[in-house]
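Asker: Predicted structure and sequence below. I'll ask about it afterward.
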Amino acid sequence: MVGGDGGTGLEDWTAHAKGTCDGCGPFRVAATSVTVRQRLDDGTWSYRVRCPSCERWMLASMRPRVALQLLLARAPFEAWSLPDSARECGHGEPVSIYELPQLRADLARIDVVDVLRASLGVG
Ligand SMILES: [Zn+2]
């Protein structure tokens, strides 16, 4: 995960971001070497950064507030979206935060695919 710790933003061109590499552990890079990404079809934010030790790419989601801090620190920005064919076209209500524990429990079931198929009427 990356967290901005640069502080003041715009004029703070030495702002840094902290991250953790699975192989090398925690690291610190200039905010400008983190690419901020926004997914256009759902508005979610993520980032792309290269571990300074092993040069492995990492990609993960982040909160809008952290994205904003990084952008203020002049991190590069890219927009992306899934191709139309890869997007889900659900018709139900969006999942609320209160339903996440139940969703998590459902996804942990060994028969999760069967449950989903049954709920969609395609079993
Ligand atoms: Zn690494």
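Answerer: Received the coordinates, thanks.
Asker: Leaving out chain neighbours, which residue sits closest to the residue nearest the centre of the chain?
Answerer: Taking Cα atoms, centre = their mean, the centroid of the chain lies closest to Ser61, which sits 1.1 Å from it. Among residues not flanking Ser61 along the chain, Ser46 sits closest, at 4.7 Å (Cβ to Cβ, 6 or more residues apart in numbering). Placement of C-beta: from N, CA and C, glycine included.
Asker: Distance from the chain centre to stretch 42-54, please.
Answerer: Centroid separation between stretch 42-54 and its chain, computed with Cα atoms, centre = their mean, to the nearest Å, is 8 Å.
Asker: Could you list every helix and strand in contact with the host helix or strand of Arg28?
Answerer: Following DSSP states H and E, one finds Arg28 within strand 25-30. The contact analysis (3 or more Cβ pairs under 8 Å, 6 or more residues apart in numbering; DSSP states H and E) places strand 25-30 against strand 16-21.
Asker: any idea of the mean pLDDT in the strand it packs on?
Answerer: For strand 16-21, mean pLDDT rounds to 89.
Asker: Check whether the residue nearest to the centre of the chain really touches Gly43, as I assumed.
Answerer: No: the criterion here is Cβ atoms under 8 Å, and Ser61 misses it with Gly43 at 11.8 Å.
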